[in-house]
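Visitor: predicted coordinates and the sequence they were generated for:
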Amino acid sequence: MSYPKSILTRKVRLLIMSFLITIFFVISPIVIMYTAGYRWDNINKEIKQTGVLSIDINPKNTEVFLNDIKIQKKLPIYLPNRAPGSYKIKLTLNGYKTWEKDIEIESKKTTYIKNITLFKDNLPTKVSETKDIKIDALYPSGSGRYLLLVSQNNSIYEMDIFDTQNQSLEAIARVKSDFEPKINWSPFADFLTLQTGSGNQINLQILDAKNNDSTSYTFYSPITNIIWSKNTSKPTIFVEDRNIIYSLDLTTKTNWGNSLNDPWFIDNNQNFWSLDAKNNLLEKINSEIINFNKLPEKIESIVDVNQNRIIFKNNNNIIVAGIDNTTLKNIQSLNIQNLFYNQNTGEWLAWSPWELWTIYENGETTLLNRTSSRIDQVIPLDQYGLVLLSSENKLLGFNPGYYVEHELFKNGNVEKIGVNIDARKIFFLGEVAGNRGLFELEY
């Protein structure tokens, strides 16, 4: 029997084998490199190692879109082997405001989307516990948990403290005063001073809002400078009365002696700071006076001192200077006037109507935002740096880390705000839909 002549001659078989071997040596490195995380960068026309995208935000049932394609995974999401380049990420959940951001994934690096909680899509509601009170002024504590509400009837002032955590209202004073009460909350804890006066007598009340404990002291001239101790276990202040400095707490009034010059400051180590007539900084430790170098501009007050830096203030600027032994260094003058101490981070937020800065504990400063929308008040919204920017008619949530902004409320009137971070609620005195009072906005 004869067989048909095969086309797979020895020469053809050798050609096929050579082709397969060639394909193997070409494809195998590609597969290996792909598996190892290398991709072709079509923009730069080169092979680059991939990056990683890690997403972990709240709420955990948030839907995540990458370049408008829904990621079919539950949070937290880990996406390895992402080709380097720009991506659009979108976070959505019913009842919440959509979060969107263009991000960059880099070769051999992990891009993190974290420490984010979506804003609830809510409207303000009036605080029912205060509906029968005609509130003329609002003074929030630094933590935002307590709000001092002031009502005025001629020269009679009634003051209540509203606990935003427990939703409770408690009267603390009803006084006659020749001037509007001067309220001063500690930047570091929920302590306050309340200064009123009648005739030639000044009454200065120190109050612990959390424990509802208070003490009053009498002076015969207005107290213009109150320095709060950073001691958060009990309220302690330093005041000056007729060139004598006193330490006051809930039980004791202590004479600290004559003030050196004005302005003055007492730090957490109870060292005394002031400036001489030539604008040189002085520090008094026990009985020893240490001279620092001269400051470049006139100082009106000393705001805060730690071992790394000192913060000054005058009528036009905030001045930040590093401390190196007996030398002031890296003196920076910021054309801003407003300050708020962030109890969560230990940083000072500083702002003008058009700029927002942060002052770190080590003395460094960073511009967080420059805006065409006016900024009246700035308050932290969480422990990660999210802040609330308030103007006369709107509230904005701003995340400096991602430079993302959300409009939380508009077309009303906002006078004064406080934020309870733990409850994730904004409280503000103002007007909503023609109705004035104290409102809360859950975010």
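Guide: Okay, I see it.

Visitor: test my guess that Ala433 contacts Asn413.
Guide: No: look at Ala433 against Asn413 with CB atoms under 8 Å: they stay out of range, at 10.5 Å. Using the backbone N, CA and C atoms, a C-beta is placed for each residue, glycine as well.

Visitor: in three-state terms, label Ala171 for me.
Guide: In terms of secondary structure, Ala171 is strand; the call rests on DSSP: H, G, I helix; E, B strand; the rest coil.

Visitor: same check, this time on Phe19
Guide: Remark: Phe19 carries the secondary structure label helix [criterion: three-state DSSP].

Visitor: just give me the neighbour total for it.
Guide: By the measure other CB atoms under 10 Å, the count of residues near Phe19 is 10.

Visitor: do the same with Lys298
Guide: Lys298 - counted by other CB under 10 Å - has 13 other residues nearby.

Visitor: can you check the pLDDT for it?
Guide: Looking at Lys298, its pLDDT reads 92.

Visitor: contact partners for it?
Guide: With contacts taken as CB atoms under 8 Å, 6 or more residues apart in numbering, Lys298 has the following neighbours: Asn279, Asn314.

Visitor: kindly report the same for Pro296.
Guide: When contacts are taken as CB under 8 Å, 6+ apart, Pro296 is in contact with Ile331, Ser333.

Visitor: counting neighbours, what do you get for Leu66?
Guide: Leu66 is flanked by 18 other residues according to other CB under 10 Å.

Visitor: that one is in contact with Ser86, isn't it?
Guide: No: the pair formed by Leu66 and Ser86 falls short of the contact definition of CB under 8 Å, at 11.3 Å.

Visitor: measure stretch 115-133 end to end?
Guide: By CA to CA, to the nearest Å, the extent of stretch 115-133 from end to end equals 38 Å.

Visitor: just stretch 421-440 next, same as before
Guide: 13 Å.

Visitor: start at 778, not 1
Guide: Shifting the count to begin at 778 puts that one at stretch 1198-1217.

Visitor: go through that stretch and flag the buried ones.
Guide: Of the residues in stretch 1198-1217, those buried by neighbour count under the rule 16 or more other CB atoms under 10 Å are 1198, 1200, 1202-1207, 1209, 1214-1217.

Visitor: how about residues contacting stretch 888-895?
Guide: 828-836, 839, 866, 868, 870, 873-874, 876, 878, 880-882, 1159, 1161, 1176, 1178-1179, 1201.

Visitor: identify the residue nearest Tyr1137 in space, chain neighbours excluded?
Guide: Nearest-residue entry for Tyr1137: Glu1124, 5.5 Å, with adjacent residues in sequence omitted and distances by CB to CB, 6 or more residues apart in numbering.

Visitor: picking up where we left off before, just the buried ones from the contacts of stretch 888-895, in PyMOL syntax?
Guide: The following PyMOL command selects only the buried members of the contacts of stretch 888-895, with burial defined by 16+ other CB under 10 Å:
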select buried, resi 828+829+830+832+834+839+866+868+870+873+874+876+882+1159+1176+1179
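
Visitor: quick one: contacts of stretch 871-887?
Guide: Identification of contacts with stretch 871-887 by CB under 8 Å, 6+ apart yields 825-831, 834, 836, 839, 859-869, 888, 890, 893, 895-898, 1179, 1181, 1183.

Visitor: if we go to 7 Å?
Guide: Contacts with stretch 871-887, where a contact means CB atoms under 7 Å, 6 or more residues apart in numbering, come from 825-831, 859, 861-869, 888, 893, 895-898, 1179, 1181, 1183.

Visitor: and these, which are buried?
Guide: Buried, going by 16+ other CB under 10 Å: 825-830, 859, 861-862, 864, 866-868, 888, 893, 895-896, 1179, 1183, out of the contacts of stretch 871-887.

Visitor: hang on, the earlier thing: pretty sure the residue nearest to Tyr1137 is touching Gly1140, no?
Guide: No: distance between Glu1124 and Gly1140: 11.1 Å, which falls outside the contact criterion (CB atoms under 7 Å).

Visitor: hmm, back to that, among the contacts of stretch 888-895, which ones are in strands?
Guide: Among the contacts of stretch 888-895, the subset assigned to strands under DSSP state E consists of 828-835, 866, 868, 876, 878, 880-882, 1176.

Visitor: of these, closest to Trp962?
Guide: Trp962 has its nearest neighbour among the ones in strands among the contacts of stretch 888-895 in Asn1176, at 25.9 Å by CB to CB.

Visitor: how close does the closest one sit to Ile1021?
Guide: Using CB to CB, to the nearest Å, one obtains 47 Å as the distance from Asn1176 to Ile1021.

Visitor: got it, and Ile893?
Guide: 51 Å.

Visitor: same question for Ile793.
Guide: Taking CB to CB as the criterion, Ile793 is separated from Ile1021 by 104 Å.

Visitor: just Asp1053 next, same as before
Guide: Look at Asp1053 and Ile1021: by CB to CB, they are 19 Å apart.

Visitor: likewise for Ile1062?
Guide: Between Ile1062 and Ile1021 the computed distance is 20 Å (CB to CB).

Visitor: where in the chain is the helix or strand with the lowest mean pLDDT?
Guide: Lowest by mean pLDDT, DSSP states H and E among the helices and strands of the chain is strand 815-818, with a mean of 52.

Visitor: show me where the stretch 778-927 of the chain dips below the pLDDT cut-off.
Guide: 778-785, 787, 789-790, 797, 799, 801-825 (pLDDT under 70).

Visitor: do that again at 90, thanks
Guide: 778-827, 858, 860, 884-885, 908-909 (pLDDT under 90).

Visitor: what are the ranges of the helices in it?
Guide: Taking DSSP state H, counting those that start in this stretch as the criterion, the stretch 778-927 of the chain carries its helices at 787-812.
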